[in-house]
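K.L.:
take this sequence and fold it.
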Amino acid sequence: MRGLYLRSSSAILPAGERRRLGEYVREFSAKRILVLGDLMLDQFIRGSVHRISPEAPVPVVQVQTEHFVPGGAGNVARNLASLGAGVILVSVVGDDPAASRLLSDFAGHGIRVDHVLTDAHRVTSQKCRIIAEHQQVVRFDRETTGSLGRASEREVLRRLPAALADADAVIISDYGKGLVTPGIARAVIARARAKRIPVTVDPKPENFGLYRHVTCVTPNVHEAWAGMRLHAAPGDEALSALGRSILARLKCSSVIITRGPEGMDIFQKGVRVTHIPTRAREVYDVTGAGDTVISVLTLGLASGASIAAAAVISNCAAGIVVGKLGTAAVGASELRAALG
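P.N.:
Next up is the predicted model:
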């Protein structure tokens, strides 16, 4: 079934559009993107190990550094901001130090947080990783994963029209922590469609049914199989059938399945599957690559690029990010240079 696939960026884009890739990136700073999703705070504690604890057979980590970065939908927001875009966040956090740290970080990067709701009954998701000698020793999480209470859901729905007023596109960044309820998903998709702006989704497999009629969903291979509740099967033919089945089920305009070192595949109704090879030369860390893909893809669509051109740009951006250590973002000038 390899004949179903087009396999290079040069083959899938007309020459004129290839020349315009850098121009689309220049448009990013004029766009405003609404990000609706689960916010997280990622904490990294790094140190060295020289002995085993006498209290239990575990390493004793001598702490050397500690730092915090936004994760989940927060990393999507930071990716967008690093590319010069305006960002409007819609989310819910707890009344706790993790929320304060997140909101302060967002404000420092010019990200709007006036539509982030504080719910004292919830805990802001925080993931703490203990890393010794470049090896993660343990991770511990603090979070609330249940769906929003009715009062918080009503308040999010009340805030959506104002949040959408200035938006050029919407990203739903669903990490399955409870923000993306059926009612909220329906409301934001319907309002964005009425406004005729793109809606892209970084999906959680158990919530696949909520993403009907969006512009694009961007699962990785594992999420795509799990979202359709199917056992994974090898080969291009099986992946092609999977992508087509997602298109049919969600009635969305396009599906992009990201394939790690194998690049990504684009599915559209009535169009051959398009394969875009990875742009990474060396892979140091894949953390946050999916957030980069959906951020750049959405900015491309908001800037007037076709789904194929936006995917080529996002694939290039992901190739840059995985060549960096830790949760990273790419800047507009860096991306334009990589696109040539």
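K.L.:
how close does A329 sit to T218?
P.N.:
Separation of A329 from T218 (CB to CB, to the nearest Å) stands at 17 Å. In short, each C-beta sits where N, CA and C put it, glycine included.
K.L.:
do A224 as well
P.N.:
Taking CB to CB, one finds A224 at 10 Å from T218.
K.L.:
what's the overlap in contacts for the two?
P.N.:
V255, I257 (CB atoms under 8 Å, 6 or more residues apart in numbering).
K.L.:
out of those two, which sits in the more crowded spot?
P.N.:
Neighbours of A224 and T218, each counted by other CB atoms under 10 Å, are more numerous for A224; the result is 28 against 24.
K.L.:
ok, the more buried one to N315 distance?
P.N.:
Per CB to CB, A224 is found 17 Å from N315.
K.L.:
likewise for R336?
P.N.:
Going from R336 to N315 by CB to CB gives 15 Å.
K.L.:
so which of those two has more stuff around it?
P.N.:
Per other CB under 10 Å, whichever of R336 and N315 has more neighbours is N315, with 24 against 18.
K.L.:
right, and the more buried one touches G263 too?
P.N.:
Yes. N315 sits in contact with G263 when judged by CB atoms under 8 Å, with a separation of 6.4 Å.
K.L.:
common neighbours of the two, please.
P.N.:
I276, T278.
K.L.:
for S253, give me its contacts.
P.N.:
Counted by CB under 8 Å, 6+ apart, S253 has contacts V214, T215, C216, Q268, I307.
K.L.:
sort out for me which of the residues you listed are in strands.
P.N.:
Counted as lying in strands by DSSP state E, out of the contacts of S253, are C216, Q268.
K.L.:
which one of the contacts of S253 is nearest to I33?
P.N.:
I33 lies nearest to T215 out of these, by CB to CB, at 12.8 Å.
K.L.:
give me phi/psi at that closest one?
P.N.:
phi -70, psi -40 (degrees, to the nearest 10).
K.L.:
all strands for this protein, in order.
P.N.:
5-6, 32-37, 39-52, 59-72, 86-93, 112-118, 125-132, 135-142, 169-173, 199-202, 216-217, 254-258, 264-268, 271-276.
K.L.:
Throw together a ChimeraX command that grabs the buried residues out of the contacts of S253.
P.N.:
The buried residues among the contacts of S253 can be selected in ChimeraX (16 or more other CB atoms under 10 Å) with this line:
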select :214,215,216,268,307
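K.L.:
which two in the contacts of S253 are spaced the farthest apart?
P.N.:
Spatial extent of these (CB to CB) is set by the pair V214 and Q268 at 13.3 Å.
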